[in-house]
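Chemist: take a look and give me a structure for this.
(2 chains)
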Amino acid sequence: MPQLDIAFFVPQIFWLIVVFATLYIFMAGSAAPKIAGVLKKRQDAIAGDLVEAEKLQAKAESARVLYEKSQSEARSNVAAMVLSKREELKDIAEKEYLKLSKKLTAKADKAQMRIDEAKNKALSEVREVATEVCSEIVLKIAGLKIEVKDVAKVIDANTNASLKGED
Amino acid sequence: MASPLEQFTVKPWVQIDVAGYDISFTNSSAAMLATLAVITIFVTFGMRKTALVPDRWQSGVEMCYEFIAKMLGDTAGPDGRKYFPFIFTLFMFVLAANLIGMVPWLHSFTFTSHIAVTFAMATFVFIGVTLIGFITHGFKFLSFFVPHGAPWYLLILLIPIEIISYLSRPISLSVRLFANMVAGHTMLKVFGGFVVSLGALGGVFAVSAFLPFAFIVALTGLELLVACLQAYVFAMLTCLYLNDALHMH
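Modeler: Numbering: from 1, shown residues only, chains lettered A, B, ... in the order given. A predicted model of the protein is given here:
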């Protein structure tokens, strides 16, 4: 077995020490810190991104809350606005109604007055006609000549009585 | 036909003598330098960009790093972290040596199949770990050899057993790696010899050479697994010994 040849123990161990020491210096001095640095950098980046994402999520959440708040505010504003507008319109309508009804009442009163006037005029004319017709009838049937004044007195009495009865 | 053990022969390439010591540059030294070069290239080029999102090569380097870092953390805890560069170097060195040894070419040589090399490494680990134990705990480290809760009359038996088992650690650590590598490479050589011998006979024998060849293919796969596994075991046991030294039982 060539492995048991003692002559080659020393050169092999010598070269082992040289090579292993070189490799160790390379690893400990340069390679391992470099790899550790990269891994640390990556971990930090991931952790940083996670923190950032959380922050953004909180921001989005607060924006959502704000949006909802403003939405409900707008909704209640609109409701209040509708209510006040309705009141206003009601007031206007009432005022217009009163104005119109006053005008109409005035018109109606005026018309009534005119009607009354026309009625009185007509009634007074009726009295004259009736007086004449009466005196004519009396003259023709009875042959009596009655003073128009007297006829008018009788008719007035009768008319007033009938008018009273009507009322 | 050469012996299947001939592949383990150390051949001096350049004779060097310093102060009476033979430190000749051999094929073993060449394999060690190749191992050093391969690891250096692997790590340096993998880390040439140190990108936040790694490419495949960088991922490979990072995987090795994290694999060993996790193993060390799991076995030795946070106190073992400062020994990480050593464990990492040890793992990468043994792994690369085993894998380079699997490459078949004219000067193919696996220095981890040499007891001198594995025993030197195991002894270094053993002495280092023992020193760490004494530095960390002082003479209290000797209580490591006294099992807890055993009655005094059993201690007479148990303390020598503990000491012997502790002292045999470098032997088991080095022989495990050495024997695995020797067995694997010898098997490959033996079956490779079958292929050549059967082929030389010609005819039906030449056709039947397919069988040992197929076996070599399967065995190569197994040996690649063993190469990785033994590097892992070597590093793992070093971590365990380190944990014993740092924390005792």
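Chemist: so how far is A:Glu136 from B:Ala34?
Modeler: Between B:Ala34 and A:Glu136 the computed distance is 165 Å (Cβ to Cβ, to the nearest Å). The C-beta positions use only the backbone N, C-alpha and C, and glycine is treated the same way.
Chemist: neighbour count: the two, which is higher?
Modeler: More neighbours surround B:Ala34 than the other of B:Ala34 and A:Glu136, with 19 against 11 (other Cβ atoms under 10 Å in any protein chain shown).
Chemist: any idea which element that one lies in?
Modeler: Per DSSP states H and E: B:Ala34 is located in helix B:27-46.
Chemist: which residues touch B:Ile216?
Modeler: B:Ile216 is in contact with B:188, B:191-192, B:195, counting by Cβ atoms under 8 Å, 6 or more residues apart in numbering or on different chains.
Chemist: could you rerun that using 7 Å?
Modeler: By Cβ atoms under 7 Å, 6 or more residues apart in numbering or on different chains, the contact set of B:Ile216 is B:188, B:191-192.
Chemist: so it is in which element?
Modeler: Following DSSP H and E, one finds B:Ile216 within helix B:210-247.
Chemist: pull out the buried positions in that helix.
Modeler: B:212, B:215-216, B:219, B:223, B:226-227, B:230-239, B:241-246 (16 or more other Cβ atoms under 10 Å in any protein chain shown).
Chemist: quick one: the helices in the chain, in order.
Modeler: Using chain A here. A:9-26, A:32-142, A:148-166 (DSSP state H).
Chemist: meant chain B actually
Modeler: Assigned by DSSP H, the helices in chain B fall at B:27-46, B:56-76, B:84-101, B:115-137, B:152-167, B:169-201, B:204-208, B:210-247.
Chemist: now render those helices as a markdown table, adding distance to A:Pro11 and mean pLDDT.
Modeler: Shown next, in a markdown table, are the helices of chain B (distance: least, Cβ to Cβ, whole Å; pLDDT from 0 to 100):
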| stretch | distance to A:Pro11 | mean pLDDT |
| --- | --- | --- |
| helix B:27-46 | 7 | 95 |
| helix B:56-76 | 30 | 95 |
| helix B:84-101 | 17 | 96 |
| helix B:115-137 | 9 | 96 |
| helix B:152-167 | 27 | 91 |
| helix B:169-201 | 18 | 94 |
| helix B:204-208 | 42 | 87 |
| helix B:210-247 | 22 | 95 |
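Chemist: which residues of chain A lie near chain B?
Modeler: A:1-3, A:5, A:8-16, A:19-20, A:22-24, A:26-28, A:31-32, A:34-35, A:38-39, A:41-42, A:45 (Cβ under 7 Å from any Cβ of the partner chain).
Chemist: distance from the helix holding B:Ile216 to the middle of the chain?
Modeler: Here helix B:210-247 is found 8 Å from its chain centre; the criterion is Cα atoms, centre = their mean, to the nearest Å.
Chemist: same check on stretch A:22-39?
Modeler: 73 Å.
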